[in-house]
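1. Give me coordinates for this.
(one chain, ligands or ions: 2)
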Amino acid sequence: MPEASNRRNKIMPSILSADFANLQREIERVPGADALHIDVMDNHFVPNLTLGLPVVEAIRTITDKFLDIHLMIEDPDVWAPAYAEAGAESVTFHLEAAKAPVRLARELRSKGARVGMALKPATPVEPYAELLAEIDMILIMTVEPGFGGQKFLDLTLPKITKARELINGRGGDIWLQVDGGVSAETIERAAGAGADAFVAGSAVFGADDPDSMISSLRSLADKA
Ligand code: DX5
Ligand code: ZN
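-> Ligands and ions are numbered 1, 2, ... in the order given. Here you go, the predicted structure:
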C-alpha cells in the first residue's frame, strides 16, 4: 500500500471529471497527485450514479496511487468495508447516511484503511467532535454532493475553521478535506480556513495540463 503523502497540502484530483472511457490514460495524466479521489454514487443518497466496487478493483490493478474513496451512498455500514478490502487507502462515508459510524470506522481501520467522515454543507461539525479519535479525515463538502463542476459554497468556510479548531485541539494526524468547486480561484480561501486536503475534479481534468494544474493548486494552498 502506498504511504500517505506527507505534504502539508495534498491535492487529490477527482476522476469524476475524467474520461470514464479512458480511465487508465487519465490517471497517467496526473502523476503529481497526492491521491486519486473516487466518487461512488448510488442514485439514492445523491441524485446521480457513477461507479462502484468493480471499477475501484480495476483501478487498483493499474495504479499504486493512494486511493481516496468518497462514498455518497445509503447504507455505508453494509457497503464501505469492501472498499477497504479492495485495497483503498482511505474510505470516507457520509455521517448523514451511517447508522453506526463508530462501529463502521473501527471496522474500516481494522481492515487497514484510513477513515474519513463526510458532512454535507448543512450538517454541523460540532456534534461529531467526540468521534475524532475514531477517524483520520473530516471531509467538508463545499457543494451539495452529486455532481462535478458546481460553484464553491463560501457559507461552508466557518465550518472549515471550526473543524480545524477541533482537530488542532485534539492533536494527531487528522486531515481536513474539502470537496466541491475547488479551483485556482477558491483554494486559497479553503486553505486559509484550515483545509489541508483538496479534491478538485473539473479544475484538474478540465485543464490543458492537469499535472501542472495540480502544482499550481498546491502552491496556492501553500502560500495561503
Ligand atoms: C461531488 C463530488 C466531487 C466532485 C468535485 O459530489 O464529491 O468529488 O468530483 O468536482 P468539482 O471539483 O468539479 O467541483
Ligand atoms: Zn467527492
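
2. Please list all residues in contact with residue 124.
-> residue 159 (CB atoms under 8 Å, 6 or more residues apart in numbering). From N, CA and C alone the C-beta is placed, and that goes for glycine too.

3. ok, now how distant is it from residue 50?
-> As judged by CB to CB, to the nearest Å, residue 124 and residue 50 stand 27 Å apart.

4. Over to residue 189?
-> Residue 189 is 27 Å from residue 50, by CB to CB.

5. same check, this time on residue 159
-> 25 Å.

6. Phi first, then psi, for the closest residue to residue 167 other than its chain neighbours.
-> Nearest residue to residue 167 in three dimensions, chain neighbours excluded: residue 174, at 4.8 Å (CB to CB, 6 or more residues apart in numbering). Here is the backbone geometry of residue 174 (degrees, to the nearest 10): phi -100, psi 130.

7. residues in contact with residue 174?
-> 132, 135-138, 167 are the contacts of residue 174 under CB under 8 Å, 6+ apart.

8. Just the pLDDT at it, thanks.
-> On the pLDDT scale, residue 174 is placed at 97.

9. all helices of the chain, in order?
-> In the chain, the helices defined using DSSP state H lie at 23-28, 53-62, 76-85, 101-110, 157-170, 187-193, 202-205, 210-223.

10. Other residues contacting the fifth one?
-> Residues from elsewhere that reach helix 157-170, judged by CB under 8 Å, 6+ apart: 119, 124-126, 129, 132-133, 138, 140, 174, 176, 178, 189-190, 193-195.

11. and if you look at the third one?
-> Helix 76-85 is contacted by residues 40, 53, 56, 69, 71, 73, 91, 93-94, 97-100, 103-104, 107-108, 111-113 when judged by CB under 8 Å, 6+ apart.

12. With the fourth one instead?
-> Contact with helix 101-110 is made by 76-77, 80-81, 84, 91, 93, 95, 98, 115, 117, 131, 134-135, as judged by CB under 8 Å, 6+ apart.

13. for the first one, same thing?
-> Residues from elsewhere that reach helix 23-28 (CB under 8 Å, 6+ apart): 15, 18-19, 36, 55, 59, 62-63, 65, 205.

14. So for that helix, what gets flagged as buried?
-> Buried positions in helix 23-28, judged by neighbour count with 16 or more other CB atoms under 10 Å: 23, 26-27.

15. closest to residue 210 among those?
-> residue 26 (8.2 Å; CB to CB).

16. Around ligand 1, which positions in this protein sit nearby?
-> Applying CB under 6 Å from any ligand atom, we find that the chain lies next to ligand 1 at 14, 16-17, 37, 39, 70, 143, 145-150, 179-182, 199-203.
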